[in-house]
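Engineer: Have a look; sequence and predicted model below, questions after that.
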Amino acid sequence: AESSQEIPDDSACCVDAKEEILGECESVWKQVEQVQSKLKLLETETLPKSDAKFSLSVMHMKALTAEYNQWQKRSPEIISTNPDVLLALGKKELQNVKDDLEKVLSTVQLKNKNLEEELKREQQWYEEQKQLIDSLSRTQEETKKQVEQASNKRAFHEQKKKILELEIYKKKLLTALDKFLEEHFPSPEKNSYEEPAVELKSLQDILEILVNKLMCTPHEPYVPIDDSFWPPYLELLLRHGIAQRHPEDPNRVRLEAFY
């Protein structure tokens, strides 16, 4: 608390100190004037024109050398030995130092305040950016899930659409095949003049039996041949590689495994 107060001045002591310092300053100033007068006298001495410039330079050099040597020999002098003067000067110097330190302290405090405010703004900006990143991450995850669900749903619909298209195509193929077989391979009884002992199967029926047997029991695809299999149609299938006989039993045939 004491350091923050102004250093009290002794008014009487300050007046005496001021008068003493002024007296010493006048004494020093008189000495300076005497030296300047001597220098002027040296400068005004007449010299031969030819040596004037050189001699003037030599005199300046000698004067400066003498002054330099004189200052080298002198020891620092105390402005005053009067305790009152020294006390007043010390108080004044301390007051100046105190004022300078208070200015520095004020500047530092202002700078610290600005830094604290800037730090708060940076922290607030950081929190806002963090919240924004978290929000974007959640949105990204939700969007990713939605895209995956939409993709799965779209893939399911596309697969279903392909299956429907294949079923339609299959029906068209079967219809075309039925029409082709009916036109080019009619039922055997239509071309027979005698009544057969059993009802002969059409080529379409034989193919349907072979296909169903292969699909239902792929491990046992052979079908036994009976009198209902018209031999010309059976030989047609065997000859063109559509069906094949059992390697050990010629009375059994199967559809060729095209896959």
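Structural biologist: In hand now; what should we look at? All figures in this text were calculated on a predicted structure; none of them were measured in a lab.
Engineer: Residue 135 - how many residues pack around it?
Structural biologist: When neighbours are counted by other Cβ atoms under 10 Å, residue 135 registers 10. Any C-beta I mention is one placed from the backbone N, CA and C, and that applies to glycine too.
Engineer: What is the longest helix seen in the chain packed up against?
Structural biologist: In the chain, assigned by DSSP state H, the helix with the most residues is helix 83-184. Judged by 3 or more Cβ pairs under 8 Å, 6 or more residues apart in numbering; DSSP states H and E, helix 83-184 is in contact with helix 11-44, helix 203-216.
Engineer: So which of those helices is nearest residue 128?
Structural biologist: helix 11-44 (61.0 Å; Cβ to Cβ).
Engineer: And residue 229, how far from residue 207?
Structural biologist: Going from residue 229 to residue 207 by Cβ to Cβ, to the nearest Å gives 11 Å.
Engineer: give the contact list for residue 168.
Structural biologist: Residue 168 sits next to no residue when contact means Cβ atoms under 8 Å, 6 or more residues apart in numbering.
Engineer: and if you look at residue 230?
Structural biologist: With Cβ under 8 Å, 6+ apart, residue 230 has these contacts: 188, 200, 201, 206.
Engineer: Look up phi and psi at it.
Structural biologist: Backbone geometry at residue 230, expressed as degrees, to the nearest 10, gives phi -70, psi 120.
Engineer: Do you know the pLDDT at it?
Structural biologist: Listed pLDDT for residue 230 reads 89.
Engineer: Use 13 as the first number for this chain going forward.
Structural biologist: Sure thing, new numbering starts at 13, so read that last one as residue 242.
Engineer: returning to what we had before: relative to helix 215-228, how tilted is the longest helix of the chain?
Structural biologist: Interaxial angle of helix 95-196 relative to helix 215-228 (axes from the mean of the first three to the mean of the last three Cα atoms, to 10 degrees): 140 degrees.
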